[in-house]
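Colleague: sequence? don't have it. structure:
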């Protein structure tokens, strides 16, 4: 079931990214950020990309709590999640970010077992941040990531 969900999500992401590309040219140079509109379990996820020469050269995907502390730096959270889910934020955030960077927003993003909720949020945020980059809009995109 998770595999089917991941494949459907990948197809939807690819289709929406292709639609976003239509007629607008490529990515505009600059920094772009998409952020969840609400906190989920105490964390608000975000993606920031840097585009140079029309290509994504840097991707940061993470979450912060209300005080601005970064999720992947929370060792206690990491230990709890690793033991219960088999993965942890510092692993899956880097994995998802690297897939976006390698695919330049055109490839599918494979889910990691134990981080499927973050995978769904990542795909929503990725679409939004790429849309910002296609338009050259450096304002922070606030996105509803509820799923």
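Modeller: On my side now, so go ahead. In this text the structure is predicted, and so the values were computed from the model without any measurement.
Colleague: Can you tell me what sits against stretch 130-147?
Modeller: Stretch 130-147 is contacted from outside by 17, 20-21, 24-28, 30-38, 40, 45, 49, 51, 56, 105, 117, 120-121, 124-125, 128-129, using C-beta atoms under 8 Å, 6 or more residues apart in numbering. No exception for glycine: its C-beta is placed from N, CA and C like everyone else's.
Colleague: Quick check, pLDDT for the most centrally placed residue in the chain.
Modeller: Centroid-nearest residue in the chain: residue 122, 3.1 Å away (criterion: C-alpha atoms, centre = their mean). Residue 122 carries a pLDDT value of 93.
Colleague: same deal with residue 20?
Modeller: In the prediction, the pLDDT value recorded for residue 20 is 44.
Colleague: Settle this for me: residue 65 is touching residue 43, isn't it.
Modeller: Yes: shown here, residue 65 and residue 43 form a contact pair, counting by C-beta atoms under 8 Å, at 5.8 Å.
Colleague: which residues in this structure form strands?
Modeller: Per DSSP state E, the chain carries strands over the ranges 30-36, 44-52, 55-64, 141-143.
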